[in-house]
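Enquirer: Pasting a predicted model and its sequence here:
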Amino acid sequence: MKKRCKLLVTAGVLLALTLAGCGNNQSAGSVNKDAANAKPQEVQTLTVYSAGPDGLAANIQQAFEEKTGMKVEMFQGTTGKILSRLEAEKNNPVADVVVLASVASMDGLKESDQLQSYKDAENATKINSDWSDAEGYYYGYSASALGIAYNTKNTKEAPIEWTDLAKSEWQDKINIPDPSLSGSAVDFLFGYAEAEKSAWDTIQSWKKNGLQVNGANKEALDAVITGDKNATISGVDYMAYKAKASGEPVEIVYPQSGTVVSPRAVGIMKEAKNVDGAKAYVNFLLSDEGQKLVTDAYLLPGNKEIPVKDRAALGEIPQLPVNWKGAEAKQLDILTKFNDIFR
Amino acid sequence: MIMEGRRTFGLLVTIVATFAIAPLIAIVYYTVVHDGHLDVSQINRMFDNDRLWHTLGNSLLLGILVILGTTILALPMALIRTKTSLHKFDWLDIILTIPFMTPPYIGSMGWILFMQNNGFLQQLMPSATWMSNTFFSLFGMVMIMSLHLFPFLYLMLKNTLLRINGSFLDAALIFGRSPWRNWTKVVLPLLVSSYVLGILLIFIKTLAEFGTPATFGSRIGFQVFTTEIHSYLSRWPVDISMATSLSLFLLSVCLVIWYFQNLIGRKYTYSVLSGKTPAVREIKDKWYIKLGAWLFVGMVLLFSIAIPYFSIIVTSLQKVRGNGLSAGNFSLASYQAVFTSGSAGLSAFLNSVVFSILTAVVTAILGLFIALYIKKGETKKQQVLDFFSLMPNIIPGIVFVVGLIMFWNAPWLPATIYNTKAMVVVTYCVLFLPYSVQYTKSSLSQLDQSIFQSVAIFGRNSWDMYRFILIPLLIQGILAGMMMTFIISMRELVAGLLILPPSVKTGATFIYSQFEQGNVGVGMAVAVITVAMTVIFMFILDWLQKRGGWASA
């Protein structure tokens, strides 16, 4: 009888040890957090949920950690994934800072009272006010313009207009990122449908021409890079510029009638545990140093004074007039409409 | 004698219940209870949704077609490996399990890259353009999934055929009239029960599959249940209660199928193990049988391994993907990127290794105790524990993952492991406990009762019995189970996608995210490294099992 107990105890201890072993990291993290509140000189952790691009997020994380000595826990995913993770964690919030690839979704977070205002962020006045919230709930620290990314090997004549892609030479050769995964694709559909009366007819004509809905942004662009498709509608420009820089046969055009520039915004969660760290992170993104990192990733900087390299500057891109305020509800309708057509 | 008594039962059931049953209860609770009172409107909302019936139809159709596909592959293969001169080549069995061990989403990616417009096939054979369109249809999806799942059915059929080969066939040869009649009256009926069991498991595995539908299915617009649940959880706008209702529905479907499987299993199981070792006869094939057999094996290997791996390896080596297969377009840059210290790919891969080792250790310990308690499952309690511990095998992984998320996010829990690495290990343990229980149980069943009796007479106490007798005898089974758990944990995708804490990636989620946002070449390099390691482990596993067979002979 005793022996059996001994055995069970041994097993129990082993189990507990293994579980404790793997739980260690995290619990150490939260202990640190608590301790840090008491003693500010200790290492603090900051949890950031960031919607790509991978390389940029990692560079910012590294530069920020070096500058402040703070440890950043990063969750990277598409805008859709981050929003759903926030939703799933409502009982048990984790994130301090969110970075989304869509201002409309950011506005949605503000409307549902999940963000806190940080009005006196450093450099806030230099940041494009069209992309940011007037009350300081979020700042559009960068943006990408959405265009038509096409394969230069397989394309004889580059497309100039959105409607070009309904022509027969593009039949079964076009795709679009899935808007329920890609925040920028929703932004595009929303902006295009708002500004162009005939937008849905054009979308229908793409569908007739064999438009394929192709996963997240990179998946759609990869299909063009490998030549499976010839053009991506609502292709994210910084990804195309980056692929082009590494030698891939890809080019991006912005149609003359105008396109959507989709701002990427940063905000601080209302339930943030490390508010000081979150503020420091926002300041860093808006600083000249942060803005330079943004342009290195081929994104448009929120601060117009920072020069861009190897890409079209904001002024050179024909834009559709888009009002992002209160866009989230309308975006949901657009998403539903799009899904009804394509799924 | 060993592992008996109420307290042991209580402890084991508590562990299993907390980790495996509670998530399922959480799903039911979140589906039918709202604000503290019963509310079935959620279920009505689900049934009102046209997409439900559409995806259910898709899932069931896929299941049936995959059963057909795996049968076409597995049955001839089992016959070839038992009835022709190819029965000697045991190495074929290891090679044939590689497709099953390949993470399904990686296999499908390989196929997509091979078959798409301007893909590797068209670059090698420009005249093959017409094949692309045919391939990107339900046909291609069934083919990929059948190629992935057939080894499972093949091994079941082969083992049954090997056992029938013994005295049954001798008796049939002596008393039977013609070889044809022997076949239809003796072999086939004996084969039917294991075939039916096999295809029902294939059906459940197809319903539970996430990787291929997520990659290939989304491309051809073929939504199934698992991808639907995942999209309600991970796409904007999120609908958690819809996800739990769908999980509950899928759970019910699988339990019904499992019930039928049990019914059939009990009704049509014959004792084919007569104790006589099958005589090894020299088989002389006619030349065309031999040729046909090799052709079939060759085709299966080409389709299940050569083609997908060709794409995966080539992609991991390409410099400029847009330049396709051309001289000078190859480099090891992706591998260099992975092996740079501190690279995201390497740390993701190492995370996977650590999670998988922990999972293997924890499930081995738990599995041993559970197996020792269950023994042959004679008492009610033993059967209950047996059922609970094997349940994750018949319930799709995504259902458990949803349940675990709901359970560990419950507001009344004093502490939670959600958003920690422990959550990952717990999830893996729940998902893969059945493997270690099964492996340990089967090696336990090989021990003769006389061992326990002699221990009872000569042994000093039960502690010594474990240390000097039971554990040494079971260790090979336990190690095989650990190895299997390790391999399967290494490729787990859907749990990782939904539960990993910030800053943590596993090999599988890293590869997957490279397709979404990052660098496909680096993703494929990690895939190649993962699979290479898996294959090495499989050879070790085989060696362990062979040694086991030799030792007990």
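Expert: Noted; the coordinates are in hand.

Enquirer: give me the number of residues near residue 92?
Expert: I went with chain A, as the question did not name one. 15 (other Cβ atoms under 10 Å in any protein chain shown). For glycine as for every other residue, the C-beta is placed from the backbone atoms N, C-alpha and C.

Enquirer: hmm, I had chain B in mind actually
Expert: 17.

Enquirer: give me the element it is part of.
Expert: Counting by DSSP states H and E, the element that carries B:Leu92 is helix B:91-101.

Enquirer: Next: B:Pro414.
Expert: Assigned by DSSP H and E, B:Pro414 belongs to no helix or strand.

Enquirer: Check the secondary structure at the closest residue to chain A within the stretch 101-250 of chain B for me.
Expert: Proximity of the stretch 101-250 of chain B to chain A (Cβ to the nearest Cβ) peaks at B:Asn118, 3.1 Å away. Look at B:Asn118: counting by DSSP: H, G, I helix; E, B strand; the rest coil, its state is coil.

Enquirer: is it true that B:Tyr232 lies in a strand?
Expert: No: B:Tyr232 is assigned helix when assessed by three-state DSSP, not a strand.

Enquirer: which SS class is the nearest residue to it once chain neighbours are set aside?
Expert: With sequence-adjacent residues excluded and distances taken as Cβ to Cβ, 6 or more residues apart in numbering or on different chains, B:Tyr232 is closest to B:Ala243, at 4.0 Å. On the three-state scheme (three-state DSSP), B:Ala243 is labelled helix.

Enquirer: same thing with A:Val72?
Expert: A:Val72 ends up strand, using three-state DSSP.

Enquirer: thought it was touching A:Phe64?
Expert: Yes: here A:Val72 lies in contact with A:Phe64, judged by Cβ atoms under 8 Å, at a distance of 6.3 Å.

Enquirer: Mutual contacts of these two, please.
Expert: A:Tyr281 (Cβ atoms under 8 Å, 6 or more residues apart in numbering or on different chains).

Enquirer: Pick out the residue of the stretch 201-343 of chain A closest to chain B.
Expert: A:Gly227 (3.1 Å).

Enquirer: Skipping adjacent residues, who's closest to that residue in space?
Expert: Closest to A:Gly227 by Cβ to Cβ, 6+ apart is B:Asn118, at 3.1 Å.

Enquirer: Identify the residues contacting the helix holding B:Leu92?
Expert: B:77, B:81, B:86, B:107, B:147-152, B:154-155, B:158, B:297, B:300-301, B:304-305, B:487, B:491, B:531, B:534-535, B:538-539, B:542.

Enquirer: Show me what whichever helix or strand comes after that helix is packed against.
Expert: Downstream of helix B:91-101, the first helix or strand assigned by DSSP H and E is helix B:104-115. Counting contacts by 3 or more Cβ pairs under 8 Å, 6 or more residues apart in numbering or on different chains; DSSP states H and E, helix B:104-115 is packed against helix B:120-124, helix B:129-135, helix B:138-164, helix B:211-212, helix B:307-317, helix B:507-516, helix B:520-552.

Enquirer: Can you list the neighbours in contact with helix B:104-115?
Expert: Looking at helix B:104-115 with Cβ under 8 Å, 6+ apart, the contacting residues turn out to be A:226, B:99, B:119-121, B:131-132, B:135-136, B:140, B:144-145, B:147-148, B:209-212, B:214-216, B:219, B:307-312, B:315, B:493, B:508, B:511-512, B:515, B:524, B:527, B:531.

Enquirer: Please save the CA atoms from it in CSV.
Expert: In CSV, the C-alpha atoms belonging to helix B:104-115 read as follows (Å, rounded to 0.1, in the frame of the first residue of the first chain):
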residue,chain,number,x,y,z
PRO,B,104,-0.4,17.3,-44.4
TYR,B,105,-0.2,21.0,-45.1
ILE,B,106,3.4,20.7,-46.3
GLY,B,107,2.5,17.8,-48.6
SER,B,108,-0.3,19.8,-50.1
MET,B,109,1.9,22.9,-50.5
GLY,B,110,4.4,20.6,-52.4
TRP,B,111,1.6,19.5,-54.7
ILE,B,112,0.3,23.0,-55.2
LEU,B,113,3.7,24.3,-56.2
PHE,B,114,4.1,21.3,-58.5
MET,B,115,0.8,21.5,-60.3
